[in-house]
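K.L.:
I'd like to go over a predicted model; first the sequence, then the structure.
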Amino acid sequence: MLAASVPAENANPEGVEGVVGLEEPKKMTREDWRKKKELEEQRKLGNAPAEVDEEGKDINPHIPQYISSVPWYIDPSKRPTLRHQRPQDEETQQYSSIGEWYKRGVQEGQVTTKFRKGACENCGAMTHKKKDCLERPRRVGAKFTGTAIAADEHSQLQLSLDYDGKRDRWNGYDAEEHMRIVEEYAKVDLAKRTLKAQKMQEELASGKLTEQANSRKQWGDGEHNSQAEREHNSEDEDEDKYADDIDMPGQNFDSKRRITVRNLRIREDIAKYLRNLDPNSAYYDPKTRAMRENPYANTGMNPDEVGYAGDNFVRHSGATITMAQTQLFAWEAYEKGSEVHLQADPTKLELLHQSFKVKKEEFKKEQKGSILERYGGEEHLDVPPQELLLAQTEDYLEYSRHGAVIKGQEKAVARSKYEEDVLVNNHTCIWGSYWKDGCWGYKCCYSFIKMSYCTGDAGRHNNSDIVCVPDVEEIQEEQYEEPKTLMAMHQEKLKEEKKKKKKKKHHRKHGSESDDDDDDDDDEAKKKEKLKRALNAEDARLKQVGEIMQLDERNRPYTSLSEVREPTEEEMEAFRIKRPRPDDPMASFLGQ
C-alpha cells in the first residue's frame, strides 16, 4: 500500500502521458480467496447462478479469468465482461441494406425547356457529358437548338455490398414487378370467363342447350350427373388439361405437344428397384425412374430368360425386331398425319405397313428402270458377286517349303518410284553396274564418265588400263588425319613438354647443342613434306574446279554434301601460293 500514498508527481517523474493515479488491486486474504474459488466451482457445477456482465448477459463460468476480467491498469472499477470478445459496432463495416439498389430511368418530375450551361451538348442532360451520352448523335445538338432536351438521370448511390450481396441473383429485384404479372394473368383469366359466359348465352338463345338437356333425360340421371360434373370440372381446365388427348406413354414423340405424363408403370408390375435388393447391383435413378443396367447381372441368370434386363437391353430373338420396326413405322406415320396406334389398332397398322413395303419396292424398281432407260449401263450390273471379285481367284500356285513359287505366276514385286533399268546413249548396262578403284561406271564399256556415249568392246579394251582418279575430297581424307579433340591435343602438348624437359636435363649433363640442331632439321623436313602434300592436293582441287566450271549448270554435282572443317596451316600456305593474282605484273612471266 506504499505505492498508493506516493504523490502523482513522484509516481510519474518523467511526465509520461497516460492514466495517472491508478491503484493496484488489494491483496486478497486467504479466506476471501477460498470463498472465491468455492463460488467458481459451484458456478461450474451449475449450483450457483452465473456471473452477469455490464450488459446483463451471463458469463460462462468455464471461461478463464484472464479473458473475462478487465486489467487493473485499464479500469479497476469495471466488472468482468465479454464485450471485448464480441464484434465492436464502431469497427464493424456497414453494408447496404437489402432494399437499396440503383435507381432506374430518369427523373420525371422536372421538365427543362432551355439549355443549361455544363450540360450534354448532344441531348441537354446535366448528368453526363457529350462523350458519355448514350443517345443517338443528333445532327444539330441540343446546345444549338435548345429543344427536345432530355431529362436528367438519377444520381446513383454508392452501394457497399458484402460477399453474399455481390453474388445474390435476386439483388435489386422489385417485388412490385411480380404483382404486375399476377394482375396481368388475372385480367386474362377474367377475359376468358367473360367470353365463355357470352358463348353460353348465345347457345341458350339459339336452343342448343335445350337439345342437350333433352338428350340427358333419355340416358338417365346417372349419366346426367357425370356429365354435369365433367362440365363443372372443364370450366377451370382451360390451360391444365394437357393429357386428355394423349397417347400411351412411349408411343408418339411430338415436341409440339405438352405432355405431363412421364415414365409410369403399371401398378401390378414389380418395381425396378425391388427386383434385386443388393446395394451393389444396377443403379436406379429415382428422378427419371431409369435402371439402365441389368439388375440380375451378378446372379447368373440369362438376360433372355428374365422378365426385365435393364433399359439398355434390347432383345433380338423372336418377333422383337419386327415389332420394333412396326413401332418405328407407327411413329413416322403419325408425323405424316396418319392416326395409327400399335396397341389400339394393330391390325390396321400391320396392313398399312405391308402396303407401304410393297409400294416402296415398286417405287425403287420404277426409279431404277427409269435411270437405266435414260443413261444405260444395264450390262454392268450383271457381274459376279463382290466376294468373288475381291477375295477369290482361279490362278493356281504351288509353293516350296522355303516359300518359292514352283508352279504358277509369282506376284509382281513392288517397284520404286524412281526410274529403273533405263538405258541411255547406246549403253547396254545401267550406270553403277561397274566398280573399280572406288569409282562407279558402265559395265558394257568400262566408262567412268556418267552420261557418256557407249564405245562397246573397243572402249572396254581402251579403258581397262585407265586408273580411276578419286575426288579431291577423298585424297584429302586419305592424306590428312581427322581433326583432333581438345583432350588429344592437350595430351600431346603434355608429352612434348615432358620431352623438352628430358632434353634440357640431357644438355645440362653433356653440354652439347648438336641434338637441338638435329631436331630443328627434322621439324623443317616434316613441314616441307606436309607443304608438298598440300600443294599437290591444291592442284588436284583446282583441276576439279576447272572441270566442273566447264559443265552445264544443270549437270554440276552437289557441293553442299562435302565435309567442312578448319584448314590447317599447310593448306592455307598452299592456297596462298597457288592463288591467282591478275594484278601482279609478274604473273604472266611466272606462267600464272
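P.N.:
Sure thing, it's come through.
K.L.:
Contact partners for the residue nearest the centre of the chain?
P.N.:
Most central in the chain under C-alpha atoms, centre = their mean is Arg167, positioned 27.8 Å from the mean C-alpha point. Shown in contact with Arg167 (C-beta atoms under 8 Å, 6 or more residues apart in numbering): no residues. All C-beta spots, glycine's among them, are computed from the backbone N, C-alpha and C.
K.L.:
so how far is Leu161 from it?
P.N.:
Per C-beta to C-beta, to the nearest Å, Arg167 is found 9 Å from Leu161.
K.L.:
quick one: the residue nearest to the centre of the chain from Arg104, how far?
P.N.:
Applying C-beta to C-beta to Arg167 and Arg104 gives a distance of 21 Å.
K.L.:
what's the average pLDDT for the helix or strand hosting Lys505?
P.N.:
Using DSSP states H and E, Lys505 sits within helix 486-510. Mean pLDDT, helix 486-510: 79.
K.L.:
elements contacting it?
P.N.:
helix 514-550 (3 or more C-beta pairs under 8 Å, 6 or more residues apart in numbering; DSSP states H and E).
K.L.:
Tell me the buried residues in the helix it packs on?
P.N.:
Going by neighbour count (16 or more other C-beta atoms under 10 Å), the buried part of helix 514-550 is Lys530, Leu531, Arg533, Ala534, Leu535, Ala537, Glu538, Ala540, Arg541.
K.L.:
quick one: low-confidence parts of the protein?
P.N.:
1-25, 209-264, 315-317, 386-393, 410-417, 464-483, 507, 509-519, 559-563, 587-592 (pLDDT under 70).
K.L.:
can you map out the strands along it?
P.N.:
Under the criterion DSSP state E, the chain contains strands at 398-399, 405-407, 434-436, 439-441.
K.L.:
so what does the shortest one touch, helix or strand wise?
P.N.:
Strand 398-399 is packed against strand 405-407, with contacts defined by 3+ C-beta pairs under 8 Å, 6+ apart.
K.L.:
and what of the third one?
P.N.:
With contacts defined as 3+ C-beta pairs under 8 Å, 6+ apart, strand 434-436 has these neighbours: strand 439-441.
K.L.:
Could you report the distance from the closest residue to Asn298 other than its chain neighbours to Ala319?
P.N.:
Among residues not flanking Asn298 along the chain, Ser281 sits closest, at 6.7 Å (C-beta to C-beta, 6 or more residues apart in numbering). To Ala319, Ser281 is 30 Å away according to C-beta to C-beta.
K.L.:
next one: stretch 83-103 to chain centre, how far?
P.N.:
For stretch 83-103, the separation from the chain centroid amounts to 44 Å (computed by C-alpha atoms, centre = their mean, to the nearest Å).
K.L.:
Contacts for that stretch, please.
P.N.:
For stretch 83-103, contacts defined as C-beta under 8 Å, 6+ apart pick out 53-55, 67, 154, 156-157, 159-162, 165, 171-172.
K.L.:
farthest-separated two in the residues you listed?
P.N.:
Maximum pairwise distance in the contacts of stretch 83-103, criterion C-beta to C-beta, is 50.0 Å, between Ile67 and His154.
K.L.:
Mind jotting down where the helices sit in the stretch 1-150 of the chain?
P.N.:
Along the stretch 1-150 of the chain, the stretches classed as helices by DSSP state H, counting those that start in this stretch are 8-11, 30-45, 65-68, 142-145.
K.L.:
Go through the longest one and flag the buried ones.
P.N.:
This points to helix 30-45. Neighbour-count burial for helix 30-45 [16+ other C-beta under 10 Å]: Arg43.
K.L.:
what about that helix, distance to the chain center?
P.N.:
70 Å.
K.L.:
Which residues outside that helix are in contact with it?
P.N.:
With C-beta under 8 Å, 6+ apart, helix 30-45 has contacts from Met28, Ala48, Pro49, Ala50, Glu51, Pro61, His62.
K.L.:
and if we set it to 10 Å?
P.N.:
26-29, 47-51, 58-62, 65 (C-beta atoms under 10 Å, 6 or more residues apart in numbering).
K.L.:
Now, of those residues, which are buried?
P.N.:
Using 16+ other C-beta under 10 Å as the burial test, the contacts of helix 30-45 include Glu51, Ile59, Pro61 as buried.
K.L.:
Distance check, the second one against Glu40.
P.N.:
Think Ile59. Distance, Ile59 to Glu40, using C-beta to C-beta: 11 Å.
K.L.:
any shared contact partners between the two?
P.N.:
Common neighbours of Ile59 and Glu40 (C-beta under 10 Å, 6+ apart) are Glu51.
K.L.:
Count the residues that sit near Cys123.
P.N.:
For Cys123, the count of nearby residues is 21 (other C-beta atoms under 10 Å).
K.L.:
do you know how far it is from Gly146?
P.N.:
For Cys123 relative to Gly146 (C-beta to C-beta), the value is 12 Å.
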